[in-house]
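> build me a structure from this.
(chains A and B)
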2 protein chains.
Amino acid sequence: MKDIFAEVITIGDEILYGQITDTNTQWISAELSKIGVKTIRKSSVGDNEAQILQILREAETRADVILLTGGLGPTKDDITKKTLAQHFGTGMVLNDDALANVTEIFTRRGFPLTEINRQQAMVPSNCTCLVNKVGTAPGMWFEQSGKVYASMPGVPHEMKWLMETYVLDKIRAFFNTPFIYHKIIRTVGIGESFLAQKIESWEDALPPHIRLAYLPSMGQVKLRLTATGADADGVVAETQQQVDELLKLAHEYVYGYDDDELEAVAGRMLRERSLKLAVAESCTGGYLAHMITKVPGSSDYFTGGVVAYSNDLKVNELGVLPETLAQHGAVSEETVRQMAENVRLRLGADIGLATSGVAGPGGGSDEKPVGTVWIAYADGTKTVAKKLQLFRDRVLNIQMSSLYTLNLMRTELASGG
Amino acid sequence: MKDIFAEVITIGDEILYGQITDTNTQWISAELSKIGVKTIRKSSVGDNEAQILQILREAETRADVILLTGGLGPTKDDITKKTLAQHFGTGMVLNDDALANVTEIFTRRGFPLTEINRQQAMVPSNCTCLVNKVGTAPGMWFEQSGKVYASMPGVPHEMKWLMETYVLDKIRAFFNTPFIYHKIIRTVGIGESFLAQKIESWEDALPPHIRLAYLPSMGQVKLRLTATGADADGVVAETQQQVDELLKLAHEYVYGYDDDELEAVAGRMLRERSLKLAVAESCTGGYLAHMITKVPGSSDYFTGGVVAYSNDLKVNELGVLPETLAQHGAVSEETVRQMAENVRLRLGADIGLATSGVAGPGGGSDEKPVGTVWIAYADGTKTVAKKLQLFRDRVLNIQMSSLYTLNLMRTELASGG
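Got it, this is the predicted structure:
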């Protein structure tokens, strides 16, 4: 199969001058990669006719797929549409579907349609209008000389909706791309290079039509399998066989698939087992509770938490023995075990989790340097504590400690804890 | 003064294929803008000689300043250096300072210097080597035909260090840019358009050499003043006068300047007043405590917090009266006042803060739709409660509620509360 190349072009002064973060182009090229289209250039230009015309001419010499975002708002600054018409040598026409859509949106909001917004339904006469059900600016699709072009608003959720509703399918149809299947295996608690060693034999034996990518992020590594073939069912089944083989080598690190987040997976395990959770935090300072409660519906299994920053609170609210603190210190196995056991009882939960550590930048010692963190799990039958040695960054230490504490619970529950 | 134009070029397959987020180019163009240099194009290309040569030739036709990041690692993939030498028609030479630097870094880590890492000290013969004290790959500076070029590693903290240590100053010196002074005024609790209305007369009266930019983010708007002039002391003094004028119109929304974060400002106020803080959270689920504790040294003034997700915990741990919950519900002024007052007493603090609301997506009703949040401040003398009506996104509601609760404390303390 011939390679299909794409260029992704961002239009707008705000991105060019660094006033807002561009999250669109990363998402777009990741999605293109999933359908087998390779991004060869990304560019940002301003809301400027000459710059837009220039980048369009350049991109045509290199790419088969040219995707533009931005510059489609109703204000005078936004000139993408008119510039596209100029580039293709066509005029502007009123698109009935786009007009119906923008009229409907204004009616729903109880505003009269202004002339400025009516102009949003004007598009270059050679485009296929991509009616935008989540915004007032339509997307546009062009085909010319064996190349395809799409122009979309810069608002991320509108761009994503148009890509997922129209653009990705239209690219696949135009270039008749083969079936591509993706499976993401999510791991936690093992570094990229150690994981690679562990699964080396499996990776080396992958057939050429199933590719593997490592996608590392904080404390986690996602493995993405991309399988290609003519027979969709066969491709899916074969990929699943490979996942099963992988699990034989690394099952203890795998917590989920595709869009599963660790906090949601952990929550689901609690809900399925009808268990309630409570947390006692020192160094994580509320972040562990936040990870748990940012999952919708977490009130079903989370009773609550205590953030005990001072030693007084560790004694008064969490029943840590003063002699334990005196003898071993707040950052110790003994303290964190008592915190987990007592918060469980005190807050009426089945499981208690606890953290105590030196988040930094101050507070470290030779014996307990910054990044030393004790975490614990208690379920009434047993208590498990673990020592982490993390890094020098405070916020990273807080986030990693919270993640590993949730993962400790996950592994205990998975092993029948 | 003639405009100075810049192009920012990112080199690396990981960014091009959407595997990692590019945060460098936003930072770079924002910094360039501060010294009066205007970014006219941003591009990402792969680790590919032909692509790099092409973008260099294109950029030279448009820009005075060409900044490159990425492709400087020791592996074979990273070809930026050799390609730059080819572009300038020069050879590679060993740079003694760069070699001393990389040798020193390896000695410190206790590793022998490998030949691959020794290669990192090879640079194009026409460059000024920018010794990188925070990494092994040196930065490079080139001057040719009235244009300047810098090549830096893609690792964000190395790139920032090189920009701040060398590159920004060298650009200013080369183009002899005028003195530029920036002052950021940070506001919270007022939307961009309302703030703009409130300060319209002041904005209209700004002299032409002091420009204003609105930089909105979640719940906050930063106002950036950029002042230009020949006399540095005069420019600074004049800008400060304008800030003083602005404060007359909007002082109640201003919490800090430049890099001040609200959580750090609030913490400083507590420390200066020798006050201790405790928090009781329902809908914010630990995030308010996290905002407070992510500030280094927060243990000086934060005793702790209770996350009371269930009504049982609101009664047992926070002393909310069962009849209050029965009569008014958990999301009510009455409940949140009791939470703030009681957590203050219970956790031995001077000030108590509390939140209770419907974060969503479930749990809303006609009377209390998703986004309804009550927040409260109690200091023993008085209790202040406030109702927020936020949006539909759970995580955003959690973050905004926490921010506004901290701001409630800030305004109470500032007014002598």
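> how about the most centrally placed residue in chain A, what does it touch?
The residue at the geometric middle of chain A, judged as the C-alpha nearest the mean C-alpha position with C-alpha atoms, centre = their mean, is A:Asp259 (8.0 Å). For A:Asp259, the contact set (C-beta atoms under 8 Å, 6 or more residues apart in numbering or on different chains) comprises A:Ile184. Glycine gets a C-beta too; all of them are placed from N, C-alpha and C.
> A strand includes it, no?
No: with the criterion set as DSSP: H, G, I helix; E, B strand; the rest coil, the secondary structure at A:Asp259 is coil rather than a strand.
> and A:Met1, what pLDDT?
Here the pLDDT value assigned to A:Met1 is 58.
> restrict stretch A:104-118 to CA atoms and write it as PDB.
What follows is stretch A:104-118, C-alpha atoms only, in PDB (Å, rounded to 0.1, in the frame of the first residue of the first chain):
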ATOM      1  CA  GLU A 104     -31.800  26.100  15.100                       C
ATOM      2  CA  ILE A 105     -29.000  26.800  17.600                       C
ATOM      3  CA  PHE A 106     -30.000  30.500  18.000                       C
ATOM      4  CA  THR A 107     -33.700  29.600  18.300                       C
ATOM      5  CA  ARG A 108     -32.800  27.100  21.100                       C
ATOM      6  CA  ARG A 109     -30.800  29.700  23.000                       C
ATOM      7  CA  GLY A 110     -33.700  32.200  22.500                       C
ATOM      8  CA  PHE A 111     -31.600  34.700  20.500                       C
ATOM      9  CA  PRO A 112     -32.400  36.200  17.200                       C
ATOM     10  CA  LEU A 113     -30.100  35.200  14.300                       C
ATOM     11  CA  THR A 114     -27.800  38.100  13.500                       C
ATOM     12  CA  GLU A 115     -26.400  38.900  10.100                       C
ATOM     13  CA  ILE A 116     -22.900  38.100  11.400                       C
ATOM     14  CA  ASN A 117     -24.000  34.600  12.400                       C
ATOM     15  CA  ARG A 118     -26.000  34.100   9.200                       C
END
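> would you mind listing the buried residues in it?
Under the neighbour-count criterion of 16 or more other C-beta atoms under 10 Å in any protein chain shown, stretch A:104-118 has A:Ile105, A:Phe106, A:Leu113, A:Asn117, A:Arg118 buried.
> just the ones of those in strands?
Of the buried residues of stretch A:104-118, none are assigned to strands by DSSP state E.
> and which of those residues is nearest chain B?
Nearest to chain B among the buried residues of stretch A:104-118: A:Ile105, at 17.1 Å, using C-beta to the nearest C-beta.
> tell me how far the residue nearest to the centre of chain A lies from B:Ile66.
To B:Ile66, A:Asp259 is 40 Å away according to C-beta to C-beta, to the nearest Å.
> tell me where the stretch 101-250 of chain A has helices.
For the stretch 101-250 of chain A, helices defined by DSSP state H, counting those that start in this stretch occupy the ranges A:115-118, A:156-162, A:168-175, A:192-198, A:200-204, A:232-250.
> winner for burial among these?
helix A:156-162 (a mean of 19; mean count of other C-beta atoms under 10 Å in any protein chain shown).
> what about that helix, average pLDDT?
For helix A:156-162, the per-residue pLDDT values average out at 94.
> give me the residues contacting it.
Outside of helix A:156-162, the residues that reach it under the criterion C-beta under 8 Å, 6+ apart are A:23-24, A:27-28, A:69, A:130, A:132-135, A:137, A:139, A:150, A:152-153.
> my read: A:Asp3 touches A:Arg62, true?
No: using C-beta atoms under 8 Å, A:Asp3 and A:Arg62 do not qualify as a contacting pair, with a distance of 11.7 Å.
> among these two, which residue is more densely surrounded?
The residue with more neighbours, out of A:Asp3 and A:Arg62 and counting by other C-beta atoms under 10 Å in any protein chain shown, is A:Arg62; that gives 14 against 9.
> the contacts of helix A:156-162 in strands, which ones?
A:Thr69, A:Leu130, A:Gly139, A:Ala150, A:Met152.
> which of those come close to chain B?
Contacts with chain B within these, counted by C-beta under 8 Å from any C-beta of the partner chain: none were found.
> reformat these as CSV; add distance to B:Ile199.
Listed next are the ones in strands among the contacts of helix A:156-162 as CSV, based on distance: C-beta to C-beta, whole Å:
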residue, distance to B:Ile199
A:Thr69, 32
A:Leu130, 40
A:Gly139, 37
A:Ala150, 40
A:Met152, 35
